[in-house]
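Q: I'll drop the sequence and a predicted model, then ask my questions.
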Amino acid sequence: MTVVSKQRRGSLLGVVERDWQSRGYEITSVDTDEDLPAIYASSPEGFRMSVAVAGEGQFFFSITTPCFAESDVAEPRTRPNTPHREGVYPQRPDVHDDFWSAVTPTPRT
């Protein structure tokens, strides 16, 4: 729910893309739309994933699994550590981060 400023979105997308490539995932497509960019990839095991920027700098990660046998899944053991959110889905990002929400370009290192 972190607001990612327009100036920092490309940097975060780059971090995700480099991480996926380092894991051996194939980048299958890149949408370079100025307002709503996205990256699509697939893993050697057949997983497909994407990261897309939506309204107000909200990032959405999506994973599609390959076919698998159905199995029992245990209930979560821990409670969520984020505030309960009410209202229409998807909620708008509302968490300010000193780095990702900054309106200056990402510093070069």
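A: Here it is on my side, so go on. Residues are numbered from 1 along each chain as shown.

Q: Look at L13 and tell me its secondary structure.
A: What DSSP: H, G, I helix; E, B strand; the rest coil gives for L13 is helix.

Q: no no, R18
A: helix.

Q: check contacts around it.
A: Not one residue lies near R18 by C-beta atoms under 8 Å, 6 or more residues apart in numbering. (Glycine included, C-beta is placed from N, CA and C.)

Q: Ok, T78 next?
A: Residues in contact with T78 (C-beta under 8 Å, 6+ apart): none are found.

Q: helix or strand for the nearest residue to Q58 once chain neighbours are set aside, which one?
A: In this structure, Q58 finds its nearest non-sequential neighbour in P93, 4.4 Å apart by C-beta to C-beta, 6 or more residues apart in numbering. Assigned by DSSP states H and E, P93 falls within no helix or strand.

Q: Now do the same contact list for P93.
A: P93 neighbours (C-beta under 8 Å, 6+ apart): 1-4, 56-58.

Q: Swap in 10 Å and give it another go.
A: 1-4, 54-59, 100-101 (C-beta atoms under 10 Å, 6 or more residues apart in numbering).

Q: try P107
A: 11, 99.

Q: Thanks a lot, see you next time.
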